[in-house]
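S.K.: 3D model of this:
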Amino acid sequence: MCPGLGRSCPRVLGPVWSPDGRELAFAVPGHRLGIVYADGSCLDCSIAAALGGCLGCTAGEEGVGARNAFGTPVFDERGGTLLYWDDPGRGAGKPGLWEVGDDGLSSAGVNIFDPNPPPLALGGFQPAVSVTGAIAFVRSAGGEDWIFVLHPDSRYPVRLVPGSAPDWSPDGRSIAFDDGGSVAVVGAAGGPVHVLAPGRLPVWSPNSHWIAFLGGHDRVSIIDSAGGSSHRVGHLRAAHLSWQPIVRGRPRCVLPAATTGITDTTTSLVRGDVTVTYRDDANSDFIYMGCWRARGVLRLIDSGIDDGYSTDEDFGFQASGPYVAFETLMNGDHYGDTPNVYGVVGFDLASGRRLFDDGDAGYVDGSSPVDPALTHTHFKVDSLVIGPTGAVAWISDATTFATTETTTTTTSTGTGGTSTTSTTTTTVYDPVTTYQVTVNDGDGTRVLDSAVQAAPGAPLAGLSVSGSMFSWLDDGEPRSSQLG
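M.R.: Numbering: from 1, shown residues only. The predicted structure follows:
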C-alpha cells in the first residue's frame, strides 16, 4: 500500500493494527503519524498533530532490536488514541510516552507520565498497551534494558524483568518479550520467565494461541504460546510484525472521543446516512471527521485553523450517499493580516479522497481597520447542494466595497475680519454584490448563472437538486442545468 502520501511511497515505520483490526497506524520519517484502512484508503493519512521529538529522523533505526527512538505508534486498548515515544535528545518536549487522538487533535501530545517525580522523568520506549489499559515499556536501568509496567490505578511503574519489545497477551495476564535474543513470556506481575525459542520482536495472536516473531535471518516464524517447536511462515522476511485481530459483525464508525487537553467543542451533523463531526482544540486547530454508516468507514475530511469565519450553523455541510460537500477556509491568516480565501470542497467517504478543491470561490480581505485606499470584498456561500453522483452546486455572493473620498473646504469670516478655514473629508463605501451559481461535476468548476445587484436582495436563490438536475431562480424566473 502507498497510503495517499504522494506519488512515491515514503519509508513507513512500525505499522500496527487497531484493536478492531480495521485500521493500521504507522510513522513516517519527519514528525508524522498516519492511519489507513486495510485497503490502503485514508482515515487520516497524516495526523495533523504538532508532535514533539523526531519521528523516523535517523536512518537505519528501524532494524530489529533498535530502540523505538523514532516514535512508531501503538493504539491504546480502545483504539481511539495513539501512544508514541518522544526521545529527549531529539527536538522539544519532555522525555517519555505521549498520546495523541487518532483524529490528530493535540498541540504536542500529552505526557502520560507525571514529569515531576524523578523516577518518571527518565522516559521509556517501545510502549505496549494491555486490554486493561496497563502500559508496558522499556527503560534503561543500570546500563541494561528493563521492562516496566504502569498500571491504570498507579502513578509509578513497576520494574518487571530485563528485556525489550514487550507485547501483551490478549487477556492482559502475560507479556511476551525479547529476552536478549530469545522469545520469552512472563506474567504481568512478574514471576518465572519461560523461554520459547531463539528470536526477536514477539507479537501475540489475537486468539492467544500463537506468538509470531522474527527468527534467524529475520524470517517470520510462529510458535505455540505454551511452548513447542516453531515454524516459519512462508519465505517472509520482515523488520516489524503486527498481528491483525479479526472482529466479527458489521463495521461501524467510532467518532473520536475527547483527548486529554482537548476542549469540549464537538458538534455533529447528521444528513441521511452520513454523520460529520466538527471539533477544535484550545489552539483553534480543527478537524472534520465523516462517518458513512453504510460502509462503516470513518474519514478525516479536513483540518486546519478555525478562524471563526468559514462555518454556518450547520458548518456548511451537505451529503448525498457517500459524498459530502462543504465550505471551508482554504487559506488565510488567523490574525486577519492577509486575505482569507474560501472555497467549496467535495469529498468521497467511500474512497477517502477529495473530489475537487475550488480554492477560487472567493476571499475576505482581512484588513483591520478598513483602509479607505483599498477595495474590500466580503464573500460567502449562500446555499450548497450535492447530487447522488457527487456533483456539487452552490450560490455565492461577493460584495465589493469600492471606497471614494469627498473633501469639502469651508471658509468663514468672523467679527474683526478674522477668517477660519475647515476641511472635511467624507469616505463613501459603494457596495456592489455579484451573485453566482457555480457547479462542479468532476469535469471542472464552471459558472452556470451570474447577476450583479447594487440594491438589497438576492437575484439568484432557491437552489435545489433532483437527480442530475440543478434548479434555481433568477429574479424569480426558474432556471435549471442538466448534468451529464
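S.K.: what segments of the stretch 151-300 of the chain are strands?
M.R.: 158-162, 164-168, 174-178, 182-187, 193-198, 200-204, 210-214, 219-224, 231-237, 267-271, 274-280, 285-292, 297-305 (DSSP state E, counting those that start in this stretch).
S.K.: what's the angle from the fifth one to strand 158-162?
M.R.: Using axes from the mean of the first three to the mean of the last three CA atoms, to 10 degrees, the direction of strand 193-198 lies 40 degrees away from that of strand 158-162.
S.K.: same thing with the longest one?
M.R.: For strand 297-305 against strand 158-162, the angle between stretch directions is 110 degrees (the same axes, to 10 degrees).
S.K.: list the strands paired with strand 297-305, with their directions.
M.R.: strand 285-292 (antiparallel) (DSSP bridges).
S.K.: give the buried residues for the strand it pairs with.
M.R.: Across strand 285-292, burial judged by 16 or more other CB atoms under 10 Å covers D285, F286, I287, Y288, M289, G290, C291, W292. For glycine as for every other residue, the C-beta is placed from the backbone atoms N, C-alpha and C.
S.K.: buried deepest among the strands of the stretch 151-300 of the chain, which one?
M.R.: Ranked by mean neighbour count under mean count of other CB atoms under 10 Å, those are led by strand 174-178, which reaches a mean of 26.
S.K.: which residues touch that one?
M.R.: 65, 128, 136, 147, 149, 160-161, 163-169, 183-188, 199-204, 211, 225 (CB atoms under 8 Å, 6 or more residues apart in numbering).
S.K.: what do you get for stretch 128-140?
M.R.: So stretch 128-140 is contacted by 67-68, 74-77, 83, 97, 112, 122-127, 145-152, 157, 160, 163-168, 170-172, 175, 188 (CB under 8 Å, 6+ apart).
S.K.: what about the closest residue to G272 other than its chain neighbours, how many residues nearby?
M.R.: Once flanking residues are discounted, G272 sits nearest to A319: 5.7 Å by CB to CB, 6 or more residues apart in numbering. Neighbour count of A319, defined by other CB atoms under 10 Å: 22.
S.K.: A319: which element?
M.R.: When elements are assigned from DSSP states H and E, A319 belongs to strand 317-320.
S.K.: so what's R252 up against?
M.R.: R293, G296.
S.K.: separation between it and I301?
M.R.: Using CB to CB, to the nearest Å, we find R252 at a distance of 18 Å from I301.
S.K.: that older thread, can you say which two of the buried residues of strand 285-292 are spatially most distant?
M.R.: D285 and W292 (24.1 Å; CB to CB).
S.K.: quick one on the thing from earlier: any chance of the strands of the stretch 151-300 of the chain in JSON lines with mean pLDDT and distance to T433 as columns?
M.R.: Below are the strands of the stretch 151-300 of the chain laid out as JSON lines (pLDDT from 0 to 100; distance: least, CB to CB, whole Å):
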{"stretch": "strand 158-162", "mean pLDDT": "93", "distance to T433": "69"}
{"stretch": "strand 164-168", "mean pLDDT": "95", "distance to T433": "62"}
{"stretch": "strand 174-178", "mean pLDDT": "97", "distance to T433": "67"}
{"stretch": "strand 182-187", "mean pLDDT": "96", "distance to T433": "72"}
{"stretch": "strand 193-198", "mean pLDDT": "96", "distance to T433": "75"}
{"stretch": "strand 200-204", "mean pLDDT": "95", "distance to T433": "62"}
{"stretch": "strand 210-214", "mean pLDDT": "97", "distance to T433": "65"}
{"stretch": "strand 219-224", "mean pLDDT": "96", "distance to T433": "66"}
{"stretch": "strand 231-237", "mean pLDDT": "93", "distance to T433": "65"}
{"stretch": "strand 267-271", "mean pLDDT": "80", "distance to T433": "28"}
{"stretch": "strand 274-280", "mean pLDDT": "81", "distance to T433": "29"}
{"stretch": "strand 285-292", "mean pLDDT": "80", "distance to T433": "29"}
{"stretch": "strand 297-305", "mean pLDDT": "77", "distance to T433": "28"}
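S.K.: quick one, which of those is nearest to M469?
M.R.: Comparing the strands of the stretch 151-300 of the chain by CB to CB, strand 267-271 comes nearest, at 19.9 Å.
S.K.: check which helices and strands the closest one is in contact with.
M.R.: In this structure, strand 267-271 makes packing contacts with strand 274-280, strand 317-320, judged by 3 or more CB pairs under 8 Å, 6 or more residues apart in numbering; DSSP states H and E.
S.K.: output these as TSV; include the columns distance to S450.
M.R.: Converted to TSV, those look like this (distance: least, CB to CB, whole Å):
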stretch	distance to S450
strand 274-280	30
strand 317-320	22
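S.K.: which helix or strand in this structure has the lowest average pLDDT?
M.R.: strand 110-111 (a mean of 50; mean pLDDT, DSSP states H and E).
S.K.: could you identify the helix or strand that succeeds it?
M.R.: strand 125-129.
S.K.: so what strands line up beside that following strand?
M.R.: When DSSP bridges is applied, strand 125-129 pairs with strand 135-141 (antiparallel).
S.K.: quick revisit: any of the contacts of stretch 128-140 buried? List them.
M.R.: The buried subset of the contacts of stretch 128-140 (16+ other CB under 10 Å) comprises 68, 74-77, 83, 97, 112, 123-127, 145-151, 157, 160, 163-168, 170, 175, 188.
S.K.: and the strand or helix carrying R354, what's its mean pLDDT?
M.R.: Assigning secondary structure by DSSP H and E places R354 in strand 353-364. Strand 353-364 shows an average pLDDT of 62 in the prediction.
S.K.: check stretch 238-249 too.
M.R.: Rounded mean pLDDT across stretch 238-249 is 86.
S.K.: end to end, how far does it reach?
M.R.: 31 Å (CA to CA, to the nearest Å).
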